[in-house]
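Peer 1: Pasted the sequence and its predicted model underneath.
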Amino acid sequence: MIELQKKIRIGVYICHCGLNIGGVVNIDHLIEFVKTLPFVSVARQYKFFCSEVGQNMIAADIEDNLVNRVVVAACSPRMHEPTFRQVLISAGLNPYYFVQANIREHATWVHMYDPNGATRIAKDHLRMQIGKAAELKALYPQKVKVLPSSLVIGAGISGINSAIELATQGYQVYLVERDLTIGGHMAQLDKTFPTMDCSACILTPKMVEISRNPKVKILSYSEVEKIDGYVGNFQVTIRQKAHYVDQEKCTGCGACVQYCPVSVGNEFDLGMTSRKAIYIPFPQAVPAKYTIDIKHCINCGICARSDVCEPDAIKIDDEDKIIEINVGTIIVTTGYDVINPRYLHNYGYGKYENVIDGLQMERLLNSTGPTLGKPVRPSDSKAPHSIAWIQCVGSRDNRAGRHSYCSRVCCLYAIKQARQYKEKHPEADIYIFYIDIRAFGKGYEEFYESAARDYRIKFIRGRVSELAEDPDDKSIIIRGEDTLLGQLLEIQVDMVVLSVGLECRHDAEQLSALLTIQCSADGFFLEAHPKLRPVDSLTEGIFIGGAAQGPKDIPDAVAQAKAAAASAASLMAQKEIEVEPYFSFVQNGLCSGCRSCIEQCPFGAITFNTSINKAEINSIKCKGCGTCVSTCPSNAIIQNHFSKPQLMAIIKAVLGEV
Amino acid sequence: MANEVIDQPENHPDIDTAVDCVFEPFILGIFCNWCTYTGCDQAGTSRMQRPANLRVMRVMCSGRVEPAMVLKALKSGADGILIGACHIGDCHYVSGNHKTVRRIPLISKFIKQFGIDPNRIWLRHISASEGVELTEIVHEYVNILKKIGPNSFKKKK
C-alpha cells in the first residue's frame, strides 16, 4: 500500500464545458495525446466536470486508488480551483495535489476560429500542468485568527447600511468618512424614484441610528492613510483632520455662526448658497458639531470669545489626529463623483447661466435647498415656464473625456425631477431629450409611462447637438434632431438641466493602491467575479459595496452594501480561517546568511536570526509573492506550490529538455 | 493569420520538429496571478481573438520570475518570453513588480551579449481589466518575433 502511494499516478480530466471547449478542439484527440505523457494513469472526458456527476468521477478514481495527482483541463483556475480542491478533500487526498490547465479562457475562447491553433495551445497547457503535477507536494493551509471588527470606508447610504448590518450582528465597526458629515450624496437629494419617498425622511433616521449604535465608531473628517496586514488582521492608520473646534465640548448650538464675518460658497448646495467659515454642512448633519474651515478663516478670534462660544469649544491650535486601529475585514463604499459638465463644451455649462446640472436641480427642488424647494432660473430668479432635460451627458459617449458606459440613474432622476416640477407648475412645458429610456428596475417602467401619459412630459428621442443662449432673456435654444420623426429641431426653453452621469471617485486609483485592490477599465473598483463574487475584491478580506463598484441607484447600492456586510460577517463568524499555504520558507542548510532577501520583502516577514546566522520567514506575515525566492543566490528559499522544481518542470514539459 | 498553419491535430507539432514553412513563434507567457493572468482570463471571457502562440504559466507575482527560469526557457527553444506584471503602484504585493522592472532589463542586457535578440524577453504591465491591451500586445509580439525568426537554440538540439 505504501509502495502504491509513493508512485505518482496522474489523472487527467478534460472538460468539454458544453461546446465552449468541446466545440473547438477534438477532445478524443487530446485524450489520446495525454495518455502518452509520463505518469498519466487515467485520462477521462466529460461534458461538465464541475457538475456533481463530473466531481464524482474524479472522486471515484481517487478512492479506487487509480490516481493520486489530479489535473483538470477546463476553465480558469480562478473560477473552479476551489471546487476541485474540495473534491480531493472529500476523497481523502491532499487538495494541493491538484492543478488546473486553462484550456477555455486561454485557448478555445481566444482561438475560436482556429481549431488547430487552439488544439496546439490546449496540448501545451496540458503538458505544462501534467509536468507540474508530477512535482506537487502535499500542503497544509495555515490558520489565522480573524478579528471581529470591520472598517467601512465611506459613509454614504451604502456604508451606513454595511455598518448597521455588521453592528447588529455584534461586530465592532469603524465608519470612516472624508466629509464632515455622514450621509453622502443621498443627503443632497430631495425625493427618490420611483416611490417618491422623501430622501431625507428615509436617510436621516438611519444616520441618527448609526450615530447612537454603541458598536459603531464614526470617524468623520477622516481619511485612511495606510493599511498593513492581511485578511483577519489589518492594521489601519487613519488621519482625522483638525476641526479647530473641540468636538467634545461643542454642543452644536450654532451661536458662533452669526458672528463669523467670512462668507464662502456652500459645497453642500453646490455653491448656490453661502456659508460661514465656521459651519456645519447642513442642519441634519451627523455629527452635528461645528468646524472651522481654516482655509477661509481670517483668524479674527470673535468665535473664540467666551460670550460667543459659551462652552469654550473653539480650539484654534487644533491638530490632525492619527488613529490606529486593527480590523478583521474592510468594506469599501466610497461611492461616486458626478460628471462635471464644464468640460463638455457644446452644452455651455458654466457659460450660460440657465444651464444647470442634475444635482443642482435636485438641490433647487429640495425644501432645505437654496430656494426652499421652488426651482427658479439662476438668471432672474423667476420660475421657468419651460424646462428641458438632456440625457446621457457624459455617458454613453465614446468621445474623449466622456464615458462609454450607461450611468443607470439619469433616466429615472430626470423623469422624477420633471414630474416634481410638473406637480408644482402643471402649465409648464417639459421636454426630455433621450437616446433610450432605460427604466429597468422594479416599478420604473410604470413610473416612466405615467410621466408621459399623466404628466404630459414630452419625450424627444435624439441627442442634442448644441445649446445656445438667447441674449435678450437668457433663455436657451436647443438644437438637435428628433430621430423618430427624422427632423431637425430647434426649441427655446427657459432653463436646461443636464442629466449628468456618474463616474468613479477622482482618487479611486490612489485608494486602490493603498488597499492593493484593482480598478476596472472604467475606473470603478473591480469585483473578483462579475457574477459569482460581485462584492469581493481580489484581495481577501476586502469587500466592495455600493456605487464604488459601478453606477448604481439607491436600491442596488443598498443591496450590494448589505451583501458586502454579509460576506464580511461570514468571514468574521468563522473566527479562524484557512489561508493559502503559498508562503515561502528558508532551507536552513542552504542559507548562507547573505541577507539579500530581507530588504526584498515588502511585508517585513523575513528576519535574520543572529544566533544561527540564517534568515527566517514568518509564515503568517508572508503573503506568498515569491520575490525573495527569485533573489536568493543560494536557492535556499522555497515557495510552496510555486517552487523552482515545479516551475522548471512546467518549462521542461512544454519545451523539452536541452 | 494563424489559420494558415499546416498542422493537423494528428501530427502534433513538437516545437523542435515544427515545419518551418510558416514559422509560428512559441511564446511563453509568465503572468502574475492578480493582474495579467486575470486580464488574460478577461480577454478569454470577452472572446478577443489572438494568434495561437501564447502559452501561459501562472506565478503569484511577477517578482517570482527568476532569471534562471527565463534563461532556461530561452535555452530550451522558446522564441519569446512575455512577462506580465501589474502596473506600478497596483501590485497585489505592494512592490513585487518594482523588482521585476529592475531584474528583467538586466537579463535583456545579458542575453544581448550572447548574441540573442533582447526582444526575446518582453516585460509588459497589463492590469486585470486590460484584455484588449493583452490581445494587442500578443499580436504585436508575434509579428516582431516572426521578423526575428526562430530561436537558434531550437535547432542545435
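Peer 2: Perfect, thanks for sending it. Residues are numbered from 1 along each chain as shown, chains lettered A, B, ... in the order given.

Peer 1: Do you have the helices of the stretch 501-650 of chain A handy? List them.
Peer 2: All helices of the stretch 501-650 of chain A, identified by DSSP state H, counting those that start in this stretch, fall at A:508-515, A:554-573, A:596-600, A:627-631, A:644-655.

Peer 1: Next: the stretch 151-300 of chain A.
Peer 2: According to DSSP H, counting those that start in this stretch, the helices that the stretch 151-300 of chain A contains are A:157-168, A:199-212.

Peer 1: for the spatially most central residue of chain B, what are its contacts?
Peer 2: Closest residue to the average C-alpha location of chain B: B:L82 at 2.5 Å, with CA atoms, centre = their mean. Taking CB atoms under 8 Å, 6 or more residues apart in numbering or on different chains as the definition of contact, the neighbours of B:L82 are B:27-30, B:54, B:122, B:124, B:137-138, B:141. In this view, the C-beta of every residue, glycine as well, is placed from N, C-alpha and C.

Peer 1: Break chain A down into its domains, please.
Peer 2: With domains defined by automatic domain parsing, chain A comprises A:2-133, A:149-241+A:322-335+A:505-576, A:242-319, A:338-501, A:584-639.

Peer 1: among the contacts of B:L82, which are within reach of chain A?
Peer 2: Checking these against chain A by CB under 8 Å from any CB of the partner chain, the ones in range are B:28, B:54.

Peer 1: so can I have CSV of the helices of the stretch 151-300 of chain A showing mean neighbour count, mean pLDDT and distance to chain B?
Peer 2: Listed next are the helices of the stretch 151-300 of chain A as CSV, based on neighbours: other CB atoms under 10 Å in any protein chain shown; pLDDT from 0 to 100; distance: least, CB to the nearest CB, whole Å:
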stretch, mean neighbour count, mean pLDDT, distance to chain B
helix A:157-168, 27, 97, 22
helix A:199-212, 16, 94, 32
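
Peer 1: quick one: which of those is nearest A:I227?
Peer 2: Evaluated with CB to CB, those place helix A:157-168 nearest to A:I227, the distance being 16.7 Å.

Peer 1: Tell me which residues touch the residue nearest to B:I107 when sequence neighbours are not counted, please.
Peer 2: In space, not counting the residues next to it along the chain, B:I107 is nearest to B:P67; the distance is 5.1 Å by CB to CB, 6 or more residues apart in numbering or on different chains. For B:P67, the set of contacting residues under the criterion of CB under 8 Å, 6+ apart consists of A:630, B:103, B:106-107, B:110.

Peer 1: And B:P67, what's its pLDDT?
Peer 2: With respect to pLDDT, B:P67 has a value of 93.

Peer 1: quick one, phi psi at it?
Peer 2: Comment: the main-chain dihedrals of B:P67 come out as phi -50, psi -40, following degrees, to the nearest 10.

Peer 1: how close does it sit to A:L655?
Peer 2: Taking CB to CB, to the nearest Å as the measure, B:P67 and A:L655 are separated by 17 Å.

Peer 1: Repeat that for A:I302.
Peer 2: Taking CB to CB, one finds A:I302 at 79 Å from A:L655.

Peer 1: Kindly report the same for A:A60.
Peer 2: Relative to A:L655, and taking CB to CB, A:A60 is found at 34 Å.

Peer 1: Kindly report the same for A:S90.
Peer 2: Computed with CB to CB, the distance linking A:S90 and A:L655 is 36 Å.

Peer 1: could the helices of the stretch 151-300 of chain A go into TSV alongside distance to A:R505?
Peer 2: Conversion of the helices of the stretch 151-300 of chain A to TSV gives the following (distance: least, CB to CB, whole Å):
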stretch	distance to A:R505
helix A:157-168	13
helix A:199-212	20
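
Peer 1: For the stretch 101-250 of chain A, which segments count as strands?
Peer 2: In chain order, the stretch 101-250 of chain A shows strands spanning A:142-145, A:149-153, A:172-176, A:191-192, A:197-198, A:216-219, A:222-230, A:233-240, with DSSP state E, counting those that start in this stretch as the criterion.

Peer 1: Would you mind telling me which of these is nearest chain B?
Peer 2: Nearest of the strands of the stretch 101-250 of chain A to chain B, taken as CB to the nearest CB: strand A:222-230 at 9.6 Å.

Peer 1: Which helix or strand contains A:S499?
Peer 2: For A:S499, the enclosing helix or strand under DSSP states H and E is strand A:495-500.

Peer 1: So which elements touch that strand?
Peer 2: With contacts defined as 3 or more CB pairs under 8 Å, 6 or more residues apart in numbering or on different chains; DSSP states H and E, the secondary structure elements packing on strand A:495-500 are strand A:355-357, helix A:358-365, strand A:386-393, helix A:410-424, strand A:476-482.

Peer 1: in chain B, which spans are helices?
Peer 2: Across chain B, reading from the start of the chain, the helices by DSSP state H fall at B:36-45, B:67-75, B:96-113, B:131-148.

Peer 1: quick one, which of those helices is nearest to A:I227?
Peer 2: A:I227 lies closest, by CB to CB, to one member of the helices of chain B: helix B:96-113, at 16.9 Å.

Peer 1: any low-confidence regions in the stretch 51-200 of chain A?
Peer 2: Low-confidence segments of the stretch 51-200 of chain A, defined by pLDDT under 70, are absent; every residue clears the threshold.

Peer 1: what does it put close to chain B?
Peer 2: A:76-78, A:102, A:104-107, A:109-121, A:123-125, A:128.

Peer 1: Poorly predicted segments of chain A, please.
Peer 2: Checking chain A against pLDDT under 70 turns up A:1-5, A:657-658.

Peer 1: do chain B as well
Peer 2: With pLDDT under 70 as the threshold, chain B has low-confidence stretches at B:1-21, B:155-157.

Peer 1: how about 80 then?
Peer 2: Applying pLDDT under 80 to the predicted model, the residue ranges of chain B that meet it are B:1-21, B:154-157.
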